[in-house]
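Student: here is my input; please provide its structure:
(one chain, ligands or ions: 3)
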Amino acid sequence: MKTKAAIAWKAGQPLTIEEVDLEGPRAGEVLVEIKATGICHTDYYTLSGADPEGIFPSILGHEGAGVVVDVGPGVTSLRKDDHVIPLYTPECRQCKFCLSQKTNLCQSIRSTQGRGLMPDATSRFSIDGKPIYHYMGTSTFSNYIVVPEIALAKVRSDAPFDKICYIGCGVTTGVGAVLFTAKVEAGANVVVFGLGGIGLNVIQAAKMVGADKIIGVDLNPEREAMARKFGMTHFINPSKVENVVDTIIGLTDGGSDYSFECIGNVTTMRQSLESSHKGWGQSIIIGVAAAGQEISTRPFQLVTGRVWKGSAFGGARGRTDVPKIVDWYMEGKLNIDDLITHRLPLERINEGFDLMKSGESIRSVVLY
Ligand code: NAD
Ligand code: AHE
Ligand code: ZN
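Tutor: Ligands and ions are numbered 1, 2, ... in the order given. Modelled structure (predicted):
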């Protein structure tokens, strides 16, 4: 079949809208009509050329929601008309990683996914017979996609696609990092570096679990009002203070209990660790840093009890946890609506990237 998609032909160039050939689902695969997709900073990161796994030409996008159109042989858990959220972190429930119960990082299809291919090492997308690569196993900047059954969360059918698409990455990443990775407890002091599409979700989850101080750090002063609305109690603009680490330590009687880096900057990653409380403070790295970047600190910071941890997709097990997060939104426990600041047709997707770069948007959602 044919599908409309935004193609990333080369690093650093705007996407172009094309008609693409899409092969139908093979064994264990599902054809999904994407109804809406968010634009995450990670799409921009890969498009910029900074991602060592970036492959071109490809169809980016990993924050979508849609409807099952057809299933391939052997698919048992989904059928036509089911509402789904594609998962860049699948959940096979059979690999060593899934069975460990220690991580959400299912590895059953990770190697082909990282090479822009389906699990049988071929692409379903092409133009004039030449392959166009998949991205993060999802490629939600295409109106129709083919994905493995294990990479789809089935969600309730009354949830609006233009809101729950954001649960495909940003909401789950921020909320999950608080609930599943850090397991923040009531009364804890929390710091959030970067108050964008991820950081604001960290803030709303920290408030939900009853955190005490919730301190936000961002260079963009426009972020303060929205972050306060979501539960931030103190705002630090790094350009207005002498030393961010000392400011946090002063506000928290010795350092944060949990600190989340949601920028992807190795300097703020260091600040996140070094402003954590001696003996127990945890710094959770969510931001994705560019190829070649490294983090550093004095090992003494770790010897004296501070902990550096990472979190991918908020530590969420997609098929198990994503439907629950959709329920929380539908029950009014999570605010997604106010974070979706812009809505665009696919033809204007490049404006969504511009709005992110200029700091004007929190999330732009593309509607098909
Ligand atoms: P975003 O662009 O919406 O937000 C980033 C925020 O950081 C902005 O508010 C910006 O003003 C602020 N910022 C930038 N540089 C800063 C600095 N030096 N000091 C203070 N503030 C600064 O991005 P997003 O969509 O929220 O994504 C944030 C990061 O998380 C990105 O690196 C993205 O790739 C990553 N990410 C990781 C995961 C994961 O699973 N680990 C999932 C989604 C996104
Ligand atoms: N390809 C990048 C890594 C990018 C990365 O860390 N991705 C996160 C999700 S970001 C979503 O917005 C992730 O889930 N990582 C785990 C994994 O297996 O990719 C690089 O730098 O190589
Ligand atoms: Zn993302």
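Student: just checking, residue 68 touches residue 35?
Tutor: No - between residue 68 and residue 35 there is no contact, the gap being 11.7 Å when judged by Cβ atoms under 8 Å. The C-beta positions use only the backbone N, C-alpha and C, and glycine is treated the same way.
Student: next secondary structure after the lengthiest helix in the chain?
Tutor: In the chain, ranked by residue count with DSSP state H as the criterion, the top helix is helix 318-330. As assigned by DSSP states H and E, the chain's next helix or strand after helix 318-330 is strand 340-345.
Student: residue 310 touches residue 285, doesn't it?
Tutor: Yes - Residue 310 is within contact range of residue 285, at 4.7 Å (criterion: Cβ under 8 Å).
Student: neighbour count for the two, which is higher?
Tutor: residue 285 (26 against 14; other Cβ atoms under 10 Å).
Student: I'd like to know how far the more buried one sits from residue 85.
Tutor: Per Cβ to Cβ, to the nearest Å, residue 285 is found 24 Å from residue 85.
Student: residue 341 too?
Tutor: 21 Å.
Student: compare those two (neighbour count), which wins?
Tutor: residue 85 (31 against 14).
Student: how about the residues of the stretch 151-300 of the chain by ligand 3?
Tutor: Proximity of the stretch 151-300 of the chain to ligand 3 (Cβ under 5 Å from the ion) is limited to residues residue 169.
Student: for the stretch 151-300 of the chain, which residue gets nearest to ligand 3?
Tutor: Residue of the stretch 151-300 of the chain nearest ligand 3, by Cβ to the ion: residue 169 (3.3 Å).
Student: and the longest strand for the protein?
Tutor: strand 29-38 (DSSP state E).
Student: is that one in proximity to ligand 2?
Tutor: No - Strand 29-38 stays clear of ligand 2 (Cβ under 6 Å from any ligand atom), getting no nearer than 10.0 Å.
Student: check which helices and strands that strand sits against.
Tutor: On a contact count with 3 or more Cβ pairs under 8 Å, 6 or more residues apart in numbering; DSSP states H and E, strand 29-38 meets strand 64-71, strand 83-86, strand 144-148, helix 161-164, strand 363-367.
Student: again, only using 6 Å
Tutor: The contact analysis (3 or more Cβ pairs under 6 Å, 6 or more residues apart in numbering; DSSP states H and E) places strand 29-38 against strand 64-71, strand 144-148, helix 161-164, strand 363-367.
Student: please work out the average pLDDT along the first one.
Tutor: Okay, so that is strand 64-71. When pLDDT is averaged over strand 64-71, the result is 98.
Student: tell me the angle of it relative to strand 363-367?
Tutor: Strand 64-71 and strand 363-367 meet at an angle of 30 degrees, taking axes from the mean of the first three to the mean of the last three Cα atoms, to 10 degrees as the criterion.
Student: parallel or antiparallel, which strands does strand 64-71 pair with?
Tutor: Next to strand 64-71 in the sheet, as set by DSSP bridges, lie strand 29-38 (antiparallel), strand 83-86 (antiparallel).
Student: okay, these in a markdown table with mean pLDDT and distance to residue 147 next?
Tutor: Putting the strands paired with strand 64-71 into a markdown table (pLDDT from 0 to 100; distance: least, Cβ to Cβ, whole Å) gives the following:
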| stretch | mean pLDDT | distance to residue 147 |
| --- | --- | --- |
| strand 29-38 | 98 | 6 |
| strand 83-86 | 99 | 5 |
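Student: export those as JSON lines, with columns for distance to residue 364.
Tutor: Output for these, formatted as JSON lines (distance: least, Cβ to Cβ, whole Å):
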{"stretch": "strand 29-38", "distance to residue 364": "7"}
{"stretch": "strand 83-86", "distance to residue 364": "18"}
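Student: which one of these lies nearest to ligand 1?
Tutor: strand 29-38 (8.8 Å; Cβ to the nearest ligand atom).
Student: can you list the residues that contact that closest one?
Tutor: Under the contact criterion Cβ atoms under 6 Å, 6 or more residues apart in numbering, strand 29-38 has outside partners 25, 61, 63-72, 75, 78, 84, 140, 143-149, 152, 161-162, 165-166, 363, 365-368.
Student: mind checking how far the next helix or strand after it is from the chain centre?
Tutor: Counting by DSSP H and E, the next helix or strand C-terminal to strand 29-38 is helix 41-48. In terms of Cα atoms, centre = their mean, to the nearest Å, the centre of helix 41-48 is set 12 Å apart from its chain centre.
Student: show me what helix 41-48 is packed against.
Tutor: Against helix 41-48 (3+ Cβ pairs under 6 Å, 6+ apart) you get no helix or strand.
Student: swap the cut-off to 8 Å and go again
Tutor: Packed on helix 41-48, when contacts are counted by 3+ Cβ pairs under 8 Å, 6+ apart, are helix 349-358.
Student: list the contacts of the closest residue to ligand 1 within the stretch 101-250 of the chain.
Tutor: Of all residues in the stretch 101-250 of the chain, residue 196 sits closest to ligand 1, at 1.8 Å by Cβ to the nearest ligand atom. Each residue near residue 196 by Cβ atoms under 8 Å, 6 or more residues apart in numbering is listed here: 41, 218, 223, 262, 263, 362.
Student: gap between the spatially closest residue to residue 155 that is not a sequence neighbour and residue 43?
Tutor: Using Cβ to Cβ, 6 or more residues apart in numbering and skipping the chain neighbours, the partner closest in space to residue 155 is residue 326 (4.5 Å). From residue 326 over to residue 43 the distance is 22 Å, taken as Cβ to Cβ.
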